[in-house]
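Q: 3D model of this:
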Amino acid sequence: MQELTMNEIEQVNGGDALTGFNWGAAAGTVGGAVMTGSSVGATRGGIIGGCLGFAFGAGWGIGTVIYEQMMK
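A: Numbers count the residues shown, from 1 in each chain. All right, here's what the predicted structure looks like:
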């Protein structure tokens, strides 16, 4: 078994779908609450932010795998 390179460690450390969902949901909840001043806006913002964060994290992970396997 070989040692991990710094690039591999960074890939494992970040950019997963769940982390993206969590950050997106948190930002969306705060943003929705600030923009609407209500809990309904916070809920909608959290759902939308979570979905966008999940999509970004999943896309980042899949794109990284494709790049590593196909381009290098």
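Q: just checking, residue 44 touches residue 32?
A: Yes: using Cβ atoms under 8 Å, residue 44 is in contact with residue 32, at 5.5 Å. C-beta: built from backbone N, CA, C; applies to glycine.
Q: which stretches of the chain aren't confidently modelled?
A: Low-confidence segments of the chain, defined by pLDDT under 70: 1, 4-17, 72.
Q: repeat that for 80
A: Scanning the chain for pLDDT under 80 picks out the ranges 1-20, 71-72.
Q: what's the spacing between the residue most central in space within it and residue 55?
A: The chain has residue 20 as the residue nearest its centroid, 1.7 Å off, counting by Cα atoms, centre = their mean. Counting by Cβ to Cβ, to the nearest Å, the separation of residue 20 from residue 55 is 8 Å.
Q: what do you get for residue 38?
A: 26 Å.
Q: neighbour-wise, which of the two wins?
A: Legend: neighbour count by other Cβ atoms under 10 Å for residue 38 and residue 55, higher for residue 55 (14 against 11).
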